[in-house]
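J.: give me a 3D structure for the following:
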Amino acid sequence: MGFRAIESRQIDDDFHMFGSLNFPENHPARDGYDTFRTEEGFIPPAHTSTMQNRILVDGKEGLEAGEPIMGIS
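T.: Sure thing, here's the model as predicted:
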């Protein structure tokens, strides 16, 4: 069907976990009680949306050329 299968990351950064998805700074999901972080600041994904920004950024050139973005993670 034309979809690209993109494997999700095991841990991710704050931008891809929250910032790129427009989670406000005071959102409860950012609270240390609800979200574990490594000492380096990485976060084990709590949802599958973390790959959306990467897929869209990666597909931007094709989209501007009239091609669809078709990815599944």
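
J.: check contacts around the residue minimising distance to the centre of the chain.
T.: With distances taken as C-alpha atoms, centre = their mean, residue 50 lies nearest the centre of the chain, 1.8 Å away. Residues counted as contacts of residue 50 (C-beta atoms under 8 Å, 6 or more residues apart in numbering) are 8-9, 12, 16-17, 21. For the C-beta atoms, the positions are set from N, CA and C on the backbone; glycine is no exception.

J.: tell me where this protein has strands.
T.: 4-5, 71-72 (DSSP state E).

J.: how about the ones you listed in TSV, adding mean neighbour count?
T.: Formatted as TSV, those follow (neighbours: other C-beta atoms under 10 Å):
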stretch	mean neighbour count
strand 4-5	10
strand 71-72	14
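
J.: now tabulate these in TSV and tack on distance to residue 28 and mean pLDDT.
T.: Converted to TSV, the strands of the chain look like this (distance: least, C-beta to C-beta, whole Å; pLDDT from 0 to 100):
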stretch	distance to residue 28	mean pLDDT
strand 4-5	32	90
strand 71-72	28	88
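
J.: mind checking the longest helix of the chain?
T.: helix 52-64 (DSSP state H).

J.: helices or strands up against that helix?
T.: strand 71-72 (3 or more C-beta pairs under 8 Å, 6 or more residues apart in numbering; DSSP states H and E).

J.: sheet-wise, list the partners of the strand it packs on with their directions.
T.: strand 4-5 (parallel) (DSSP bridges).
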